[in-house]
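Visitor: Requesting a structural model of the entry that follows:
(chains A and B)
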Amino acid sequence: GQQLNQSPQSMFIQEGEDVSMNCTSSSIFNTWLWYKQDPGEGPVLLIALYKAGELTSNGRLTAQFGITRKDSFLNISASIPSDVGIYFCAGQNSGNTPLVFGKGTRLSVIA
Amino acid sequence: NAGVTQTPKFRILKIGQSMTLQCTQDMNHNYMYWYRQDPGMGLKLIYYSVGAGITDKGEVPNGYNVSRSTTEDFPLRLELAAPSQTSVYFCASSWTGAYGYTFGSGTRLTVV
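Guide: Have a look, this model is predicted:
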């Protein structure tokens, strides 16, 4: 099946630093989404991208849908302790096909 | 508004036992999904449903069964539990399938 390569696998950063993570695929997706999972909880949607080249912000979070439709990145500015968690990218071909998830980036923030 | 509710939260099964993981949503969503999460492996799709009476296999369906008799409920059945089924199971739902999913808080299952 389709696979998403998400990097880095994990990162340790100082509070206040900016964070960047990305996701690549060997095949095209028509929708890219980014989720965050807090410990012991299910993933929660952060940002959804529906158009190639689209750049969308949600507070301190910014995500972009790659122009080739095969990649996406997520940036977090001025990280805070509550940013800790696992960030997942997900891709979708069409509205009726289930999401395909990356393996996640585990973020740790050192105060 | 409860969203997606999963029960139980934790369960320990012996090899060969069976159990049903319950999932219910109160958002009148047509699409429902079951994923399993193993450490460092992301979320893998087990089964999904696009509406009552319709189910389809995902990436890792072996050892599991599902049914969708109502819009609200989408139970996942394990017939003969195996250690390889030790995982965290997430149920999710979506209005049209074209937008982000709402996830439940998960069921942590250990098979010993």
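Visitor: Okay, and the residue nearest the centre of chain B sits in which element?
Guide: With distances taken as CA atoms, centre = their mean, the residue of chain B nearest its centroid is B:W34 (3.2 Å). In this structure, B:W34 sits in strand B:31-37 according to DSSP states H and E.
Visitor: Please apply the same query to B:I46.
Guide: strand B:43-51.
Visitor: Next secondary structure element downstream of that strand?
Guide: Immediately after strand B:43-51, counting by DSSP H and E, sits strand B:54-57.
Visitor: how far does that following strand sit from the chain's center?
Guide: Distance of strand B:54-57 from the chain centroid (CA atoms, centre = their mean, to the nearest Å) equals 12 Å.
Visitor: ok, it: who's next to it in the sheet?
Guide: Sheet pairing of strand B:54-57 (DSSP bridges) gives strand B:43-51 (antiparallel).
Visitor: what angle do the strand it pairs with and strand B:31-37 make?
Guide: 160 degrees (axes from the mean of the first three to the mean of the last three CA atoms, to 10 degrees).
Visitor: Can you tell me, leaving aside adjacent residues, what's nearest to residue 87?
Guide: I'll assume chain A. A:T105 (4.8 Å; CB to CB, 6 or more residues apart in numbering or on different chains). Heads up, the C-betas are built off the backbone N, CA and C, glycines and all.
Visitor: You answered for a different chain; I wanted chain B.
Guide: B:R36 (4.4 Å).
Visitor: And that neighbour, how far from B:L43?
Guide: Here the criterion is CB to CB, to the nearest Å. By it, B:R36 lies 7 Å from B:L43.
Visitor: So which of those two has more stuff around it?
Guide: Shown here are B:R36 and B:L43; by other CB atoms under 10 Å in any protein chain shown, B:L43 has more neighbours (27 against 24).
Visitor: can you pull the contacts of that one?
Guide: By CB atoms under 8 Å, 6 or more residues apart in numbering or on different chains, the contact set of B:L43 is A:P43, A:F88, A:F101, B:Y35, B:R36, B:Q37, B:F90.
Visitor: for those residues, which one is nearest B:V111?
Guide: Set against B:V111, the nearest of the contacts of B:L43 by CB to CB is B:R36 (12.3 Å).
Visitor: how about B:Q85, phi and psi?
Guide: In terms of degrees, to the nearest 10, the main-chain angles of B:Q85 are phi -90, psi 0.
Visitor: tell me, what's touching B:R36 and B:L43 both at once?
Guide: Common neighbours of B:R36 and B:L43 (criterion: CB under 8 Å, 6+ apart): B:F90.
Visitor: Which stretches in chain A count as strands?
Guide: Taking DSSP state E as the test, the strands found in chain A are A:4-7, A:10-14, A:19-25, A:31-37, A:44-49, A:55-58, A:61-65, A:71-76, A:85-92, A:100-101, A:105-110.
Visitor: Give the pairing partners of the fifth one; include direction for each.
Guide: By that I understand strand A:44-49. Strand pairing for strand A:44-49, using DSSP bridges, gives strand A:31-37 (antiparallel).
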